[in-house]
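**Student:** What follows is a predicted structure for the sequence shown.
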Amino acid sequence: MIRDITIGQYYSTDSVIHRMDPRTKILWAIFYMVILFVIDSAAMYFAVLVFTFVMVYSSHVPFKFMLRGLKPIMIIVVITALLNLFTTQGETVLFTVGKLNVTLEGLVLSVKMALRIVLLIVGTSLLTLTTSPTVLSGGLEVLLSPLKKMGVPISVFVMMISIALRFIPTLLEETDKIIKAQTSRGADFENGNILKRVKAMVPILIPLFVSSFRRADELATAMECRCYNCDGERTSYRRYRFTKNDLYALIALIVLCAVLIVIKVVQ
Amino acid sequence: MSIVEIRDLSFSYRKDGEEKVVLDKLNIDIEDESFVAVIGQNGSGKSTFAKHLNAILLPMGGRVVVCGINTKNEKELFALRKNAGMVFQNPDNQIVATTVEEDVAFGLENLGIEYEEMHKRVKEALIAVNMYDLRKRAPHLLSGGQKQRVAIAGILAMEPRCIIFDEPTAMLDPVGRREVMDTIIRLNKEKHITVIMITHHMDEVVCASRVIVLNKGKIEMDASPREVFKNVEKLKELGLDAPQSVLLLHALKDAGFDVEANALTPEECAEEILACLKKREVQK
């Protein structure tokens, strides 16, 4: 059940996108998000949709895997779509449910919003699916390094992120174990109303918190023993190099922007 | 030459308003390239002792000098920790990075080692612990023994002169224990790294060249494994065990068989029993 969550997961395989420099991919993801919020016409959506499909296809991440990652987001998508559908004011009323009018404008807007969220998730999870967490945080560190001069402790943030990512599978495993242990003692997580179910989570969360703190303490000691010093200058095991692939990615981005601008102008 | 020099080391802490002495004026010298096992009951102070060796804890009385560096000397802290690495009990809680090779590189990144040198050392360390083929793996996909070997490689890459193991096999299955012990023995024999190992498993103590038995913060025994395990009675008094082969021979001796109870390994034990059986054949 917990293992279904694919956001933030890395899909280990080899593809053009996997081999790309993390910095390119991060910049790319930011541009992509901006584009998603700029576009408004159906044609533009279509262009971005095609582009996203091409990217997912060339990343060698199976579509099924991508879709599974969308499952938990579906509730948000549906709620957003429904809200937009019923609350948007417009001229052409399609039909009425109770006191709420469903307008053509509302329908269009809700489809757009739903598509926008789905694309946002697919596009950004493509970043994490094709970039191992360490590479990703390494790329972030390089990109954000100008902030270091302003006294922002970027390396510490990056270390925190990568440790968090490192411990996600470990803690998931532990959660599974605790759930099984509590179930074997008669805890019931599946029945009852929401309040009861939330209460049932307490015996899972408390042991999980306690053990996380113990882990954090031991990890900190182990890191100190390996000469970790958050203020010190560190070297990196990885080197980030701008390759041909990155050039292609940037060209793809420019082409996408050009297409969108052309569409905008034509309209 | 001694790599560890401990003089009058004392350590205590307050609990419920009471002063609890953990280490009581310890004096220990450890030879370079030796393999020392430290055993003792829970609460005997053996973990506290280990933590003093690379300045995780600082002595309240006396001094600890490791690789010629006093642990109280803050300026030399990194030099000390680079030279005296430490491997802990829980392999999960000492792996920092998301892949094996990057975790091994962690210490080197901290020391500011250059790119080429770092890659060379990571490779060497992984080969030394037989984990090179799994260098791209994520740590949570490894077995306990493999994780612990990664942790050892992470220390090894820093090229320490001495490694302190704090119950490195306590959380492992028998296969994992074997892998880790073989690795530790090899590092001591082939790389000439001084090993100081805290352990609960008496079968592992047999690998050491010297055993220090701690009890209530004091040294109770300090001799070769063979000497220490001769005195099974005293070990039992201290709440400790002996290797099964030793216990078996003692039981046989008590039952009136003509055996010498000074074998350590199962092989030696088997030989001793065979010899005893042969003597009986001859007598018949």
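**Tutor:** Yep, that arrived. Residues are numbered from 1 along each chain as shown, chains lettered A, B, ... in the order given.

**Student:** For the rest of this, base every contact and every neighbour count on C-alpha atoms.
**Tutor:** OK.

**Student:** which parts of the stretch 1-150 of chain B sit against chain A?
**Tutor:** Proximity of the stretch 1-150 of chain B to chain A, by Cα under 8 Å from any Cα of the partner chain, involves residues B:54, B:56, B:78, B:81-82, B:85-88, B:92-98, B:102, B:105-115, B:118-119, B:140.

**Student:** How is A:Phe242 assigned, secondary-structure-wise?
**Tutor:** Taking DSSP: H, G, I helix; E, B strand; the rest coil as the rule, one finds A:Phe242 in the coil state.

**Student:** What is the neighbour count of the closest residue to it other than its chain neighbours?
**Tutor:** Nearest residue to A:Phe242, sequence neighbours excluded (Cα to Cα, 6 or more residues apart in numbering or on different chains): A:Asp21, at 6.2 Å. Neighbour count of A:Asp21, defined by other Cα atoms under 10 Å in any protein chain shown: 23.

**Student:** hang on, the earlier thing: now the residues of the stretch 1-150 of chain B next to chain A: which count as buried?
**Tutor:** B:54, B:56, B:78, B:81-82, B:85-88, B:92-98, B:102, B:105-111, B:113, B:118-119, B:140 (16 or more other Cα atoms under 10 Å in any protein chain shown).

**Student:** Select from those residues every entry located in strands.
**Tutor:** B:Gly85, B:Met86, B:Val87 (DSSP state E).

**Student:** so which of those comes closest to A:Val111?
**Tutor:** Ranked by distance to A:Val111 (Cα to Cα), those are led by B:Val87 at 56.0 Å.

**Student:** Look up how far A:Leu119 lies from B:Ile28.
**Tutor:** Applying Cα to Cα, to the nearest Å, the value for B:Ile28 to A:Leu119 is 66 Å.

**Student:** Can you pick out the residue with more neighbours from those two?
**Tutor:** Using other Cα under 10 Å as the criterion, B:Ile28 and A:Leu119 rank with A:Leu119 on top: 20 against 17.

**Student:** Give the other helices and strands that the helix or strand the more buried one falls within contacts.
**Tutor:** Using DSSP states H and E, A:Leu119 sits in helix A:104-130. Counting contacts by 3 or more Cα pairs under 8 Å, 6 or more residues apart in numbering or on different chains; DSSP states H and E, helix A:104-130 is packed against helix A:22-38, helix A:42-58, helix A:63-70, helix A:74-87.

**Student:** how about CSV for the ones you listed, with distance to A:Ser125 and mean pLDDT added?
**Tutor:** Below are the helices and strands packed on helix A:104-130 laid out as CSV (distance: least, Cα to Cα, whole Å; pLDDT from 0 to 100):
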stretch, distance to A:Ser125, mean pLDDT
helix A:22-38, 9, 85
helix A:42-58, 10, 87
helix A:63-70, 8, 82
helix A:74-87, 15, 88
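
**Student:** Which residues of the stretch 151-267 of chain A lie near chain B?
**Tutor:** So the stretch 151-267 of chain A meets chain B at A:162-163, A:165-166, A:169-170, A:215-216, A:218-219, A:221-223, A:225-229, A:232-238 (Cα under 8 Å from any Cα).

**Student:** try 10 Å this time
**Tutor:** Contact residues, the stretch 151-267 of chain A versus chain B (Cα under 10 Å from any Cα of the partner chain): A:159, A:162-170, A:173, A:212, A:214-230, A:232-239.

**Student:** What values do phi and psi take at B:Lys218?
**Tutor:** Per-residue torsions, B:Lys218: phi -120, psi 160 (degrees, to the nearest 10).

**Student:** My guess is it contacts B:Asp24. True?
**Tutor:** Yes. Assessed by Cα atoms under 10 Å, B:Lys218 is found in contact with B:Asp24 at 5.7 Å.

**Student:** hey, what's in contact with both of those two?
**Tutor:** Common contacts of B:Lys218 and B:Asp24 (Cα atoms under 10 Å, 6 or more residues apart in numbering or on different chains): B:Ser10, B:Gly45.

**Student:** give me the number of residues near the nearest residue to A:Leu83 once chain neighbours are set aside?
**Tutor:** In space, A:Leu83 comes closest to A:Ser110 once its chain neighbours are excluded; the distance is 7.8 Å by Cα to Cα, 6+ apart. Counted by other Cα under 10 Å, the residues lying close to A:Ser110 total 24.

**Student:** Taking helix A:63-70 as reference, get the angle to the helix holding A:Leu119.
**Tutor:** Counting by axes from the mean of the first three to the mean of the last three Cα atoms, to 10 degrees, helix A:104-130 lies at 110 degrees to helix A:63-70.

**Student:** Going by neighbour count, list what's buried in helix A:104-130.
**Tutor:** A:104-107, A:109-130.

**Student:** Equivalent analysis for stretch A:190-204, please.
**Tutor:** Here stretch A:190-204 shows A:Ala200, A:Ile204 as buried, counting by 16+ other Cα under 10 Å.

**Student:** With just CA atoms, put it into CSV.
**Tutor:** Presented in CSV, the C-alpha positions along stretch A:190-204 are these (Å, rounded to 0.1, in the frame of the first residue of the first chain):
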residue,chain,number,x,y,z
GLU,A,190,-9.4,-0.9,8.5
ASN,A,191,-12.7,-0.5,10.3
GLY,A,192,-14.6,2.3,11.9
ASN,A,193,-15.2,5.9,11.0
ILE,A,194,-12.4,8.4,10.1
LEU,A,195,-11.9,9.5,13.7
LYS,A,196,-11.4,5.9,14.8
ARG,A,197,-8.9,5.2,12.0
VAL,A,198,-7.0,8.4,12.7
LYS,A,199,-6.8,7.3,16.4
ALA,A,200,-5.6,3.9,15.2
MET,A,201,-2.6,5.6,13.6
VAL,A,202,-1.2,6.8,17.0
PRO,A,203,0.3,3.4,17.9
ILE,A,204,2.1,3.4,14.6
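
**Student:** per-residue confidence at B:Gly144?
**Tutor:** Per-residue pLDDT puts B:Gly144 at 91.

**Student:** Based on its surroundings, how many neighbours for it?
**Tutor:** B:Gly144, neighbours per other Cα under 10 Å, totals 22.

**Student:** ok, now A:Leu94?
**Tutor:** 13.

**Student:** circling back: distance check, the residue nearest to A:Leu83 against chain B.
**Tutor:** 40 Å (Cα to the nearest Cα, to the nearest Å).

**Student:** And for A:Leu147?
**Tutor:** Taking Cα to the nearest Cα, one finds A:Leu147 at 21 Å from chain B.

**Student:** Next up, the contacts around A:Met74.
**Tutor:** A:Thr80, A:Ala114, A:Ile117, A:Val118.

**Student:** farthest pair in the residues you listed?
**Tutor:** Within the contacts of A:Met74, A:Thr80 and A:Val118 form the most distant pair, 11.4 Å apart (Cα to Cα).

**Student:** Leaving out chain neighbours, which residue sits closest to the residue of the stretch 51-200 of chain A found nearest chain B?
**Tutor:** For the stretch 51-200 of chain A and chain B, the shortest gap (Cα to the nearest Cα) falls at A:Arg166, measuring 5.1 Å. Leaving aside its chain neighbours, A:Arg166 sits nearest to B:Thr98 (5.1 Å; criterion: Cα to Cα, 6+ apart).

**Student:** what sits against that neighbour?
**Tutor:** A:132-135, A:162-167, B:136-140.

**Student:** Which one (most neighbours) among those?
**Tutor:** B:Pro139 (27 neighbours).

**Student:** quick one: pLDDT of that one?
**Tutor:** For B:Pro139, the pLDDT comes out at 88.

**Student:** can you check the one 10 residues further on too?
**Tutor:** With respect to pLDDT, B:Arg149 scores 95.
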